[in-house]
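In: Turn this into a model:
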Amino acid sequence: MTNNDILKNIEKAGKIVGTVAVAVTPVVAVAGAVAEKVSKTVSAKSEDENNLVLIPSLYSEGKHLTVEEVKRRLEDRELKPELTLALKNIKYKDCVDQEVVETNPKEKQKVKKGSFVEVFYVTSEVIEESRSLFKASERQKAEIERSKLNEKLEKLKMKIQHECERHEKVMQKLNEGASHIRKDIERWDEFIENSQEGAL
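Out: Sure thing, here's the model as predicted:
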């Protein structure tokens, strides 16, 4: 290989490297931009997570927390409680006056600091209405159950009546059979008596 050939090969290699460099440069630029974007997203997400708070357990597991206690707990977490009177519901029949029964968003969810949390609570009036609703529901269940029992009783009566009628028919046939047998016995007695008189 001559020096001229070596120079040509070096020139070709240089062109290839230049072409690769031209092709790789945009890829490196894009990769850099993507890395920067990911870094910003992770950083923003981290800031968002630091800005999130968990709505505490306020009304499940039979807590019976009052509006004032719940307000304090939410405000301690930098949340803004909004009070809403709950409507009557059977599930509120065993609550106490001013008890918190639900929140929106629900407890144990993460929300941004400063978010509004709707707090549903019951008063003694709502509890009374809920108890009335429960009693009415229980009466309705009892009436349905009574109706079912009456239906079963009627079916049982009909079955007994049918069995009694069937037994009456059997007894009637037995009595008729017994009557025929008695008549047959009377005829035999008559026949025997007549036979004895004739033999004398």
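
In: Please make it C-alpha for all contacts and neighbour counts, starting now.
Out: Noted.

In: By mean pLDDT, flag the weakest helix or strand of the protein.
Out: Here the helix or strand of the chain ranked lowest by mean pLDDT, DSSP states H and E is helix 3-50, holding a mean of 65.

In: so Ile55 makes contact with Val111?
Out: Yes. Taking contact to mean Cα atoms under 8 Å, the distance of 7.3 Å between Ile55 and Val111 places them in contact.

In: who touches stretch 58-78?
Out: In this structure, residues lying in contact with stretch 58-78 by Cα atoms under 8 Å, 6 or more residues apart in numbering are 53, 55-56, 80-81, 95-102, 107, 113-114, 119, 121.

In: Derive a PyMOL selection command for the buried subset of the residues you listed.
Out: For anyone working in PyMOL, the buried entries among those, judged by 16 or more other Cα atoms under 10 Å, can be selected with:
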select buried, resi 53+55+80+81+95+96+97+98+99+100+101+102+107+113+114+119+121
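
In: Pull up the gap between Glu154 and Ser147, please.
Out: Glu154 is 11 Å from Ser147, where distance means Cα to Cα, to the nearest Å.

In: same question, Glu129
Out: To Ser147, Glu129 is 27 Å away according to Cα to Cα.

In: Also Asn9?
Out: Per Cα to Cα, Asn9 is found 104 Å from Ser147.

In: again with Ala86
Out: Note on Ala86: its distance to Ser147, by Cα to Cα, is 34 Å.

In: Among these two, which residue is more densely surrounded?
Out: Counting neighbours by other Cα atoms under 10 Å for Ala86 and for Ser147 shows that Ala86 has the greater number, 17 against 12.

In: ok but His64 is inside a strand, no?
Out: No. Going by DSSP: H, G, I helix; E, B strand; the rest coil, the assignment for His64 is coil, not a strand.

In: I'd like to know how many residues surround it.
Out: For His64, the neighbour count with other Cα under 10 Å is 18.

In: Please enumerate the strands of the chain.
Out: Across the chain, reading from the start of the chain, the strands by DSSP state E fall at 52-54, 80-85, 99-104, 110-112, 116-122.

In: helices or strands up against the fourth one?
Out: Spelled out, that is strand 110-112. Contact here means 3 or more Cα pairs under 8 Å, 6 or more residues apart in numbering; DSSP states H and E; on that basis strand 110-112 packs against strand 52-54.

In: do the same with the longest one
Out: Contacts of strand 116-122 with other secondary structure elements, assessed using 3+ Cα pairs under 8 Å, 6+ apart, are made with strand 80-85, strand 99-104.

In: Quick check: neighbours of it in the sheet, parallel or antiparallel?
Out: Based on DSSP bridges, the pairing partners of strand 116-122 within the sheet are strand 80-85 (parallel), strand 99-104 (antiparallel).

In: now the helix ranked longest in the chain and strand 116-122, what's the angle there?
Out: Longest helix in the chain by number of residues, with DSSP state H as the criterion: helix 124-199. Direction vectors for helix 124-199 and strand 116-122, defined by axes from the mean of the first three to the mean of the last three Cα atoms, to 10 degrees, enclose an angle of 50 degrees.
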